[in-house]
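> Show me how the following folds:
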Amino acid sequence: MSSSHFQVIAHYFPQSGEVENVLELLAQLASASRTEEANISYEFFRGAENPGHIVILESYTDAAGFAAHREYDHFKTIGMGQIIPKLASRRIESFEGSADA
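Below is the predicted model of the structure:
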């Protein structure tokens, strides 16, 4: 049996001196995001070769679940209000797929 999901891969590049702050805020955002009904997983990683490159892997039950994520207060206050202003740039990719269960 396979299950479908919606995968988001975000690449964050914090401004100079903001990497540690962004990582601390991401820990808060990840914890809150994992409680969302449609969230399957939310993990983030700091680049081994480039510590100023943070990759976020998010999985949701579907695209609507990701859209709902963007409406939660924790996303608006932590993600948009605190993290995004600390970034020099970011890139978001999304994929639909299935995995054998």
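> Every contact and neighbour count from this point should use C-alpha atoms.
Will do.
> longest single helix anywhere in the chain?
helix 19-33 (DSSP state H).
> Around residue 35, count how many other residues there are.
The tally of other residues near residue 35 (other CA atoms under 10 Å) stands at 12.
> how about it, what does it touch?
Counting by CA atoms under 8 Å, 6 or more residues apart in numbering, residue 35 makes contact with nothing.
> Give the rounded mean pLDDT of the strand or helix carrying residue 68.
In this assignment (DSSP states H and E), residue 68 forms part of helix 63-69. Averaged across helix 63-69, the pLDDT comes to 96.
> So which elements touch it?
strand 2-14 (3 or more CA pairs under 8 Å, 6 or more residues apart in numbering; DSSP states H and E).
> Can I get the strand it packs on in CSV, CA atoms only?
Backbone C-alpha positions of strand 2-14 (Å, rounded to 0.1, in the frame of the first residue of the first chain) are rendered in CSV as follows:
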residue,chain,number,x,y,z
SER,A,2,1.3,3.5,-0.8
SER,A,3,0.5,6.8,0.7
SER,A,4,0.7,10.2,-1.0
HIS,A,5,2.3,13.2,0.6
PHE,A,6,3.4,16.7,-0.1
GLN,A,7,7.1,17.4,0.4
VAL,A,8,8.6,20.9,0.9
ILE,A,9,12.3,21.5,0.8
ALA,A,10,13.4,25.0,1.9
HIS,A,11,16.9,26.4,1.5
TYR,A,12,17.6,29.3,3.9
PHE,A,13,20.6,31.5,3.8
PRO,A,14,20.7,33.7,6.9
